[in-house]
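Visitor: Fold the stuff below for me.
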Amino acid sequence: MKVCIAEKPSVAREIASVLGATTRHDGYYEGNGYAVTYTFGHLCTLYEPADYKPYWKSWDLNNLPMLPEKFQVKVSNNDGIKKQFNIVKRLFDKAEVVINCGDAGQEGELIQRWVINEANYKGKVLRLWISSLTTEAIKEGFKNLKPSENYDNLYYAGFSRSIGDWLLGINATRLYTVKHGGYKQVLSVGRVQTPTLAMLVNRFKEIENFVPQPYWELQTLYRDTLFSYEEGRFLKMEDGELLANKVKEHEFEIVSTTKKKGTEYAPKLFDLTGLQVYCNTKFGFSADDTLKIAQRLYERKVVTYPRVDTTFLPNDVYPKVKGILSKLVDYKQLTSPLLDKKIKKSARVFNDKKVTDHHAIIPTGMQTNLQYNEQQVYDIIVKRFIAVFYDDCKVSNTTVIGKAADVNFKTTGKEILSKGWRIVFEASGANDASKDNMLPAFVKGEKGPHQPSFLEKQTKPPNQFTEASLLRAMETAGKQVDDDELRDIMKENGIGRPSTRANIIETLFRRKYVKRNKKQLLPTVTGIQLIDTIQNELLKSAELTGSWEKQLKDIEKGEFSASAFIKGMKRMVDALVYEVRSEKVQTRISAVNNKPALKSKSSLKKNSKGKTETLVGQSCPKCKSGQLLKGKSAYGCNLYGKSCDFTLTFSFGDKKISEKQYIRLLTKGSTINLKGFKIEGSSQEGLLRFDANFKLKFEPKQVVKKATIEAGAACPKCKTGKVLKGKAAFGCSNYKVGCDFRVGF
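Guide: Residues are numbered from 1 along each chain as shown. Below is the predicted model of the structure:
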């Protein structure tokens, strides 16, 4: 019997249906000489510290560093996982050959190899390597099964990565938690998450400490077109003012107009990071959301394998392109112009050297009904695929130079001569947008009046990271790279893998090191404190983590030794433990600033989700960028003494103010009326508000005088009846015809 093992039950079901293994059993499918079983992701895991040495269970500095001589693997301690593992093992014991059908990537290889090894299977193993789950792709994959040995280096790279994360993650987390953690506070430190957090913290501080510098721009408006001073901005006002006064006295003259034809290429096909960046920017999806949607699209057979880091296709996909396009019937309007002629083949799309295990994410040609957010992601994958086979977009770039009193000004514009691939991305029914930033027809030597302006501006800080910009920064190890080609070159030194970056960002949220502010990602107080406490620059270095990623890729290629990588990690951990244990400074970090505090004696308000609210960790109402901390006698902004002076003393007017009342002040603009304030020597009742400078101010209780009611007066409610005096209340004479005015004595 041939036993196939897939990574998920859903994938096993697809493979089983193609192979004719239609009889369903507990944990596997059987038929036609095959048994198709599955894992649920990681059935096996690396040993825990205590599995090596019982005393390593204790979080003690004296136990560090923990450096096992040989790393071992075990079945995860979960009843459901153990049951499935035993089913797999029984099938392996009867197998003439095992076919590894795990996801075609490093993690998929590692997951299945661990299960095969732990099941102690010694027979023949073949590898199924496919990029989509269509029936055609699965059949073709089974015709071209490869020896498992072909993927040994991929397994070594996955194993090395896992060991590296264990060595640094477990040792550094225990080290910093014991040395610097507050009460019951775990300080999670990781090979990829810590440099990622450091990038966020460094950007946050760069913005916080940014001092705007003034500069001046000289511009002029001629024929409704804005021209700017050719040599750029002025750093000294007087230099620019001199020229501004000079040009006012003269007419504006066109010196030259230059038109240069250019080519704009279609956007590249998607790799996973590119797809996550696009979906975060356009749809607001998190990186994790996009990965999950792309994985669902893959499992529904409509796109190819998504966990990829290349934007290219291999040459052997080219003959299949016409077939894929012809099946995309929902996009017939866009595909029909391509199907009538030979499909374009460009080196910007097809390049065997830029493709390793997998190619860029493309549609398979299959179509099905999708949920709205799945359709959004699918639609842009399809349109990118269609667009690369359209003609290039032809443009004319125009540069116009003008002058006034020998002071040169410049403006630029662009005209689209031939849309080419741009047609694919135009909204249906949109107007013909053939011109972009069009300029009037200027003639050399023409003159006329103009309106110069001399404006003072200020330099701006960089933007806070969004998930899109953070993913790009992880891809290039923190370097600001806008050019697609250069970014491709730097991918080997990026931090994390495309498939794990989303999880790294989600981990930072779970640890409460990072929070969202709309699209921005901001470090929390705890996140900032952790990075400030870590003195070892290597732990925070995106470049070092990038070089580790390069080594792991080299292991995959067979160009670097797994044992050398692990030895290097052990040396670093050993040095790190010695360094941190020797530190004299003892900081204590607590995440109290980032999560609801435990319920205190004074009952705190609960929000709509039933969680206790606390002032600590809330956004500063004055500067908006800081967070509130609790001191000995007051709450205050964590930026106090730097860029903010906001405080809230525990008492006002000799009266203690509860945290509940201050929460109300922040959320509703005032406390309720409270008794017992000592104001100017007398006891008063009133409420607290903020003044214009966010200082507390007291407002006495407003006493509303009740209007006197007399029998015989006009009814204040219906205006037509008269007030009657009863035994216990005043009422309206119109009470029988509907007026319900009534005031008790």
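Visitor: chain center to stretch 153-164, what's the gap?
Guide: 26 Å (Cα atoms, centre = their mean, to the nearest Å).
Visitor: Alpha carbons only: can I get that stretch in PDB?
Guide: What follows is stretch 153-164, C-alpha atoms only, in PDB (Å, rounded to 0.1, in the frame of the first residue of the first chain):
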ATOM      1  CA  ASN A 153      18.800  20.500   2.400                       C
ATOM      2  CA  LEU A 154      15.300  22.100   2.700                       C
ATOM      3  CA  TYR A 155      14.700  19.900   5.800                       C
ATOM      4  CA  TYR A 156      18.100  20.900   7.300                       C
ATOM      5  CA  ALA A 157      17.300  24.500   6.800                       C
ATOM      6  CA  GLY A 158      13.900  24.200   8.500                       C
ATOM      7  CA  PHE A 159      15.500  22.200  11.300                       C
ATOM      8  CA  SER A 160      18.200  24.800  11.800                       C
ATOM      9  CA  ARG A 161      15.700  27.600  11.800                       C
ATOM     10  CA  SER A 162      13.700  25.800  14.500                       C
ATOM     11  CA  ILE A 163      16.800  25.200  16.600                       C
ATOM     12  CA  GLY A 164      18.000  28.800  16.200                       C
END
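Visitor: Check which residues of that stretch are buried.
Guide: Residues of stretch 153-164 classed as buried: 153, 154, 155, 156, 157, 158, 159, 160, 161, 162, 163, 164 (neighbour count, 16 or more other Cβ atoms under 10 Å). Any C-beta I mention is one placed from the backbone N, CA and C, and that applies to glycine too.
Visitor: So which of those residues sit within strands?
Guide: In this view, these have no member that belongs to strands under DSSP state E.
Visitor: okay if I get those residues as CSV plus pLDDT?
Guide: What follows is the buried residues of stretch 153-164, written out as CSV (pLDDT from 0 to 100):
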residue, pLDDT
153, 95
154, 94
155, 96
156, 96
157, 94
158, 94
159, 96
160, 96
161, 94
162, 95
163, 96
164, 94
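Visitor: For the stretch 301-450 of the chain, just list every one of the strands.
Guide: For the stretch 301-450 of the chain, the strands defined by DSSP state E, counting those that start in this stretch cover 393-404, 407-418, 435-436, 447-448.
Visitor: My error: substitute the stretch 601-745 of the chain in the last question.
Guide: Going by DSSP E, counting those that start in this stretch, the stretch 601-745 of the chain shows strands at 628-630, 634-637, 647-649, 651-652, 655-656, 674-679, 682-690, 696-700, 723-725, 729-732, 742-744.
Visitor: could you redo the buried residues of stretch 153-164 as TSV and give each row distance to residue 262?
Guide: Formatted as TSV, these follow (distance: Cβ to Cβ, whole Å):
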residue	distance to residue 262
153	43
154	42
155	47
156	47
157	42
158	44
159	49
160	46
161	43
162	48
163	50
164	46
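Visitor: Where among the strands of the stretch 301-450 of the chain is average confidence lowest?
Guide: Per-segment mean pLDDT for these reaches its minimum on strand 435-436, at a mean of 52.
Visitor: Which secondary structure element of this protein has the lowest mean pLDDT?
Guide: strand 435-436 (a mean of 52; mean pLDDT, DSSP states H and E).
Visitor: Tell me which of the strands of the stretch 301-450 of the chain is the most buried.
Guide: strand 393-404 (a mean of 18; mean count of other Cβ atoms under 10 Å).
Visitor: can you tell me which residues contact the residue nearest the centre of the chain?
Guide: For the chain, the residue lying nearest the average C-alpha position, counting by Cα atoms, centre = their mean, turns out to be residue 467 (2.6 Å). Residues in contact with residue 467 (Cβ atoms under 8 Å, 6 or more residues apart in numbering) are 276, 280, 286, 287, 505, 519, 521.
Visitor: now swap in residue 522 and tell me
Guide: 200, 204, 464, 514, 515, 516.
Visitor: Might you list the low-confidence residue ranges for this protein?
Guide: Within the chain, the segments meeting pLDDT under 70 span 427-437, 478, 480-492, 585-586, 591-613, 703-708, 736-737.
Visitor: if you count residues, which helix in it comes out on top?
Guide: Identified as the longest helix of the chain according to DSSP state H is helix 152-180.
Visitor: Indicate which one of the strands of the stretch 301-450 of the chain is closest to residue 499.
Guide: Comparison of the strands of the stretch 301-450 of the chain against residue 499 by Cβ to Cβ identifies strand 393-404 as nearest, at 32.8 Å.
Visitor: In terms of secondary structure, what does the closest one contact?
Guide: Judged by 3 or more Cβ pairs under 8 Å, 6 or more residues apart in numbering; DSSP states H and E, strand 393-404 is in contact with strand 225-229, strand 252-264, strand 407-418.
Visitor: That one vs strand 407-418, what angle?
Guide: 160 degrees (axes from the mean of the first three to the mean of the last three Cα atoms, to 10 degrees).
Visitor: start to end distance for stretch 423-440?
Guide: 25 Å (Cα to Cα, to the nearest Å).
Visitor: Buried residues, stretch 42-55. List them.
Guide: 42, 43, 44, 46, 49, 52.
Visitor: which residue packs closest to the fifth one, ignoring adjacent ones?
Guide: Closest residue in space to residue 49, ignoring its immediate chain neighbours: residue 56 at 3.8 Å, by Cβ to Cβ, 6 or more residues apart in numbering.
Visitor: And for the third one?
Guide: Once its chain neighbours are removed from consideration, residue 44 has its nearest residue in residue 114; the separation is 3.9 Å (Cβ to Cβ, 6+ apart).
Visitor: Could you give the number of residues near the one you found?
Guide: Residues lying near residue 114 (other Cβ atoms under 10 Å) number 23.
Visitor: Distance of residue 56 relative to residue 171?
Guide: 11 Å (Cβ to Cβ, to the nearest Å).
Visitor: Would you write a PyMOL line that selects the buried entries of the contacts of residue 522?
Guide: Command for PyMOL that selects the buried part of these, burial taken from 16+ other Cβ under 10 Å:
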select buried, resi 200+204+464+514+515
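Visitor: Just confirm the residue nearest to residue 49 is within a helix.
Guide: Yes - counting by DSSP: H, G, I helix; E, B strand; the rest coil, residue 56 falls inside a helix.
Visitor: That one: neighbour count?
Guide: Neighbour tally, residue 56, other Cβ under 10 Å: 19.
Visitor: and what of residue 31?
Guide: 15.
Visitor: Quickly list what it is bridged to.
Guide: Following DSSP bridges, residue 31 is listed with bridge partners residue 34.
Visitor: Pretty sure it sits against residue 23.
Guide: Yes - using Cβ atoms under 8 Å, residue 31 is in contact with residue 23, at 5.0 Å.
Visitor: where exactly do the helices run in the stretch 1-150 of the chain?
Guide: 9-19, 49-52, 79-93, 106-118, 135-143 (DSSP state H, counting those that start in this stretch).
Visitor: how about these in a markdown table, adding distance to residue 701?
Guide: Formatted as a markdown table, the helices of the stretch 1-150 of the chain follow (distance: least, Cβ to Cβ, whole Å):
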| stretch | distance to residue 701 |
| --- | --- |
| helix 9-19 | 65 |
| helix 49-52 | 63 |
| helix 79-93 | 63 |
| helix 106-118 | 65 |
| helix 135-143 | 76 |
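Visitor: Point out the most buried one among those helices.
Guide: helix 106-118 (a mean of 23).
Visitor: CA atoms of that one as PDB?
Guide: Taking C-alpha atoms only, helix 106-118 is exported to PDB below (Å, rounded to 0.1, in the frame of the first residue of the first chain):
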ATOM      1  CA  GLN A 106      10.500  24.700   4.200                       C
ATOM      2  CA  GLU A 107       7.900  24.500   7.000                       C
ATOM      3  CA  GLY A 108       5.900  21.800   5.100                       C
ATOM      4  CA  GLU A 109       9.100  19.700   4.700                       C
ATOM      5  CA  LEU A 110      10.000  20.000   8.300                       C
ATOM      6  CA  ILE A 111       6.500  19.100   9.700                       C
ATOM      7  CA  GLN A 112       6.300  15.900   7.600                       C
ATOM      8  CA  ARG A 113       9.900  14.800   8.100                       C
ATOM      9  CA  TRP A 114       9.500  15.000  11.900                       C
ATOM     10  CA  VAL A 115       6.400  12.800  11.700                       C
ATOM     11  CA  ILE A 116       8.100  10.300   9.400                       C
ATOM     12  CA  ASN A 117      11.200  10.200  11.700                       C
ATOM     13  CA  GLU A 118       9.200   9.900  15.000                       C
END
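Visitor: Cool, thanks, talk later.
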